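Asker: here is my input, please return the structure:
(one chain, ligands or ions: 2)
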Amino acid sequence: MPLLLTTIPCLKDNYAFLLHDSDSGDTALVDAPDATPILAILRENSWNLSQILLTHHHSDHVAGAEDIAAATGARLLGAATDAHRLPQLQAQLKDGDTVQVGSETGKVMTVPGHTIGHIAFHFPISKYVFTGDSLMSGGCGRLFEGTPKLMWGTLSKLAALPPDTLVCSGHEYTASNLLFAASVDLDNEALVERIEATSAAVQKGVPTVPSLLSLELATNPFLRAANPTVAASIGMPNASPADVLSALRKRKDKF
Ligand code: ZN
Ligand code: FE
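Answerer: Ligands and ions are numbered 1, 2, ... in the order given. Alright, predicted model coming up:
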């Protein structure tokens, strides 16, 4: 049985995610932007939270962690690299480490670029990957701490996961990300369709996160930095994917 996934809108446009194993009752949280909505969902379902998995140190992903841990007794797990700037961790994670939710084992992947110590959690049986602000719906996080080369390595690693994996990313940025995508990825039929579906969802107030990796591969310009059409459309036909990503990111920052 796949883990039950609950997407929780938090703050202005953040998402947190609960993973629940109905056989064992085990429940884990990925990211903790705000304690109130997360504790409310735990209470509604009478779920006992055993652990909080943190993707990166930014306050909009960790601000509620200590309150939730105090209220539930959950353990805090996060990147060893960033232990000094994360809430007090009970377990420090490195690339290839595993986390256990009920009967399913998740794998820790280092995904630097947005921050240096950013990690993702991949659950291969349930087919979820929790990417925080690395790979995002229709885009990628800003390069606050890493280089374009690091982010390209990160995106390439995530792109190699099974295409039917659900990408559970940290923000509702899809609509604006796709608007930018359309400005650099001309004549992409899949992108046109996704923009239509996204505006319909946004109008209904339906979250556009998570998204399928296959859809990201077809429409996310940052994942498509090695695609000749994308490179040519920004006037960089022979550039490396990392250089194309760098140019895309700079354009997006000003978009
Ligand atoms: Zn962030
Ligand atoms: Fe964020």
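
Asker: tell me what the longest helix along the chain is packed against?
Answerer: Secondary structure of the chain per DSSP state H: the longest helix is helix 189-204. Packed against helix 189-204 by the contact rule (3 or more Cβ pairs under 8 Å, 6 or more residues apart in numbering; DSSP states H and E) you find helix 174-184, helix 213-219. Any C-beta I mention is one placed from the backbone N, CA and C, and that applies to glycine too.

Asker: any buried residues in the longest one, and which?
Answerer: Spelled out, it's helix 174-184. 174, 177, 178, 180, 181, 182, 184 (16 or more other Cβ atoms under 10 Å).

Asker: so which bits of the stretch 1-150 of the chain are right by ligand 2?
Answerer: Residues of the stretch 1-150 of the chain lying close to ligand 2 (Cβ under 5 Å from the ion) are 60, 133.

Asker: swap in 8 Å and give it another go.
Answerer: Within the stretch 1-150 of the chain, the positions lying close to ligand 2 (Cβ under 8 Å from the ion) are 14, 56, 58, 60, 61, 132, 133, 141.

Asker: how far away from the center of its chain is the helix or strand hosting the fifth one?
Answerer: To tie it back to what came earlier, the one meant is residue 61. Under DSSP states H and E, the secondary-structure element containing residue 61 is helix 59-62. Chain-centre distance of helix 59-62: 13 Å, with Cα atoms, centre = their mean, to the nearest Å.

Asker: tell me the helices and strands packed up against the helix or strand following it.
Answerer: Tracing the chain past helix 59-62, the next element assigned as helix or strand by DSSP H and E is helix 65-72. Other helices and strands packing on helix 65-72, by 3+ Cβ pairs under 8 Å, 6+ apart, are helix 35-45, strand 49-53, strand 75-79.

Asker: how about JSON lines for the ones you listed, with mean neighbour count and distance to ligand 1 added?
Answerer: JSON lines is the format used below for those (neighbours: other Cβ atoms under 10 Å; distance: least, Cβ to the ion, whole Å):
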{"stretch": "helix 35-45", "mean neighbour count": "15", "distance to ligand 1": "18"}
{"stretch": "strand 49-53", "mean neighbour count": "23", "distance to ligand 1": "15"}
{"stretch": "strand 75-79", "mean neighbour count": "22", "distance to ligand 1": "13"}
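
Asker: okay then, goodbye and thanks.
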